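> Starting from these lines, generate the structure:
(one chain, ligands or ions: 3)
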Amino acid sequence: MTHKTTAEVGEFGLIDRISAIVKPTLAASPGLIAGIGDDCAVWHPAADMTEVASTDLLLEQVHFDLLTTPVKHLGSKAISVNVSDICAMNAIPRHALVSIAVPPSFPVEMIEELYRGMEAAAREYGIAIVGGDTSRSPSGLVLSVTVTGEAEEANITYRKGAEPGDLVCLTGTLGGSAAGLRVLTREKLIMMEHIEHNEAYEGSIMADLKEYSGAIQQHLLPLARLDIVRFLHERRAHPSAMIDVSDGLGQDLGHICSASGTGALLQENRIPVNSTARLIADELQDDALGWAIGGGEDYQLLFTMPHEEYQKIADNRDISVIGEITPKEQGILLKDIYGIEIDLQSLPGFDHFR
Ligand SMILES: Nc1ncnc2c1ncn2[C@@H]1O[C@H](COP(=O)(O)OP(=O)(O)OP(=O)(O)O)[C@@H](O)[C@H]1O
Ligand SMILES: Cc1ncc(C[n+]2csc(CCOP(=O)(O)O)c2C)c(N)n1
Ligand SMILES: [Mg+2]
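Ligands and ions are numbered 1, 2, ... in the order given. Below you'll find the predicted structure:
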């Protein structure tokens, strides 16, 4: 592969290349009037729909390590984590704006690969990438993605709205992303040690990561649960409150409970822990349930629903009932397999400043 520097193509040359890569996504926005190339993107929202918008930052060494993350995967993940926030409002994602700050040493081909990942994810979710911003970064790659979405006003689901007696529901499994990150970090450290001691790092000493792929995939390429949002719409089933699990089950359930003014009681034996995470926890002598509760980055949907409403979706094997909403005074508790109740808020979740 040849390597061009950003200095060779210049800012506008780079934007032209980016524009060409994301062009196929524009077909997803029939209401689009102007995409990349003017001071603003312009589109017609669908009639009678309410707009939602969300933005998230991804920083090198905070959200990703380029030694363990293929840039194409990173591009897809940057789109997915934002689409996940739109899904958490029970809305359908429509448009994305992507801003990047790039270190001068970063080859243009890697930026193109990053955008190929974004384009693939955008196609998967049916959203159009319609603009962004480009800058030099003095240290590390920075990505900022903003996604808009649409929903009928009555469908929009907030963190508030949970009521005592509602079931607490969760899509998919948890803990996979944290487990995947642990394996990737371990492999990186082994590689660095070999380099430090001037030893070859070759196939014979590289771990076979195949058996860990379920967790590594969950970490590098999480999928926003737009499939579940579409399913809820099809069944006309309305969650009373919803959030996506980005910082860990304990903390994100805490957000639903504090916004709704409720407590919750979860059953440990009902929490669907990723099976590869269990395998990895055994090997690393770590705790897969701890990753499920506090690891974060699984991007599953956590929602609450009255019993009658839940009957509309009870046949979906990918949605687990993990507990119930309780009055605020009862706290936010996890009943473990021995029947002992643990304060979920006392378990650590992800916090950028702690
Ligand atoms: N710097 C900021 N300025 C203004 N609003 C902010 C800022 N940071 C966060 N917010 C707002 O605070 C709320 C909570 O943000 P937070 O980032 O915790 O949620 P999230 O994006 O759903 O979670 P995650 O970032 O883990 O995916 C959101 O409404 C967000 O728009
Ligand atoms: C290099 C590296 N170190 C640590 C982590 C773990 N991590 C980073 S952000 C986050 C929560 C969601 O972030 P946000 O709240 O900003 O959406 C988690 C669990 C990682 N992915 N890569
Ligand atoms: Mg955020």
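> The protein: strands as residue ranges?
32-34, 42-43, 50-59, 92-102, 128-136, 142-151, 167-171, 241-244, 262-267, 301-305, 319-327, 332-335, 341-343 (DSSP state E).
> Out of those strands, flag the one nearest ligand 1.
Taking C-beta to the nearest ligand atom, strand 50-59 is the member of those nearest to ligand 1, at 5.2 Å. (C-beta placed from N, C-alpha, C; glycine too.)
> what about the closest one and ligand 2, touching?
Yes: interface with ligand 2: strand 50-59 contributes residue 56 (C-beta under 6 Å from any ligand atom).
> What lies in contact with that strand?
The contact list for strand 50-59 (C-beta atoms under 8 Å, 6 or more residues apart in numbering) reads 45, 63-64, 74, 77-78, 81-82, 85-86, 89, 91, 140-153, 156.
> re earlier: let's have the strands of the chain in CSV, adding distance to residue 291 and mean pLDDT.
Converted to CSV, these look like this (distance: least, C-beta to C-beta, whole Å; pLDDT from 0 to 100):
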stretch, distance to residue 291, mean pLDDT
strand 32-34, 40, 94
strand 42-43, 40, 94
strand 50-59, 21, 96
strand 92-102, 27, 98
strand 128-136, 32, 97
strand 142-151, 25, 98
strand 167-171, 15, 98
strand 241-244, 17, 98
strand 262-267, 16, 98
strand 301-305, 16, 98
strand 319-327, 16, 98
strand 332-335, 14, 97
strand 341-343, 16, 96
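> Check the contacts of strand 50-59 one by one and keep those near ligand 2.
63-64.
> Make a PyMOL selection of whichever of the contacts of strand 50-59 turn out to be buried.
To isolate the buried members of the contacts of strand 50-59 in PyMOL, using 16 or more other C-beta atoms under 10 Å:
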select buried, resi 63+64+74+77+78+81+82+85+86+89+91+141+142+143+144+145+146+147+148+149+150+151
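> OK, contacts around the nearest residue in space to residue 11 that is not next to it in sequence?
Sequence neighbours aside, residue 134 is the residue nearest to residue 11 in space, at 5.8 Å (criterion: C-beta to C-beta, 6 or more residues apart in numbering). Applying C-beta under 8 Å, 6+ apart to residue 134 gives the contacts 11, 14-15, 18, 99-102.
> picking up where we left off before, please produce a markdown table containing the strands of the chain, extended by distance to residue 293.
Converted to a markdown table, these look like this (distance: least, C-beta to C-beta, whole Å):
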| stretch | distance to residue 293 |
| --- | --- |
| strand 32-34 | 41 |
| strand 42-43 | 40 |
| strand 50-59 | 22 |
| strand 92-102 | 28 |
| strand 128-136 | 34 |
| strand 142-151 | 27 |
| strand 167-171 | 12 |
| strand 241-244 | 15 |
| strand 262-267 | 9 |
| strand 301-305 | 12 |
| strand 319-327 | 11 |
| strand 332-335 | 7 |
| strand 341-343 | 10 |
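> what's the closest of those to residue 188?
strand 50-59 (17.7 Å; C-beta to C-beta).
> In that closest one, which residues are buried?
Buried, per 16+ other C-beta under 10 Å, within strand 50-59: 50, 52-54, 56, 58-59.
> what residue ranges in the stretch 201-350 of the chain score low on pLDDT?
201-207 (pLDDT under 70).
> In it, which residue sits nearest ligand 1?
Ligand 1 sits closest to residue 246 of the stretch 201-350 of the chain, with a gap of 3.4 Å, by C-beta to the nearest ligand atom.
> quick one, what contacts the closest residue to that residue other than its chain neighbours?
Spatially, and ignoring its direct neighbours in sequence, residue 246 is nearest to residue 296 (5.7 Å; C-beta to C-beta, 6+ apart). Residues near residue 296 by C-beta under 8 Å, 6+ apart: 177-178, 245-248, 251, 349-350.
> same question, residue 253
Contacts of residue 253 were listed using C-beta under 8 Å, 6+ apart, and they are 168, 243, 264, 266, 302, 332, 344.
> With only the CA atoms kept, save stretch 246-257 in PDB.
C-alpha atoms of stretch 246-257 as PDB (Å, rounded to 0.1, in the frame of the first residue of the first chain):
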ATOM      1  CA  SER A 246     -22.600   2.500  27.300                       C
ATOM      2  CA  ASP A 247     -21.200   2.900  30.900                       C
ATOM      3  CA  GLY A 248     -22.300  -0.400  32.500                       C
ATOM      4  CA  LEU A 249     -25.600  -1.800  33.600                       C
ATOM      5  CA  GLY A 250     -25.400  -0.600  37.200                       C
ATOM      6  CA  GLN A 251     -24.700   3.100  36.200                       C
ATOM      7  CA  ASP A 252     -27.100   3.200  33.300                       C
ATOM      8  CA  LEU A 253     -30.000   1.600  35.200                       C
ATOM      9  CA  GLY A 254     -29.100   4.200  37.900                       C
ATOM     10  CA  HIS A 255     -29.800   7.000  35.200                       C
ATOM     11  CA  ILE A 256     -33.300   5.500  34.500                       C
ATOM     12  CA  CYS A 257     -34.100   5.200  38.200                       C
END
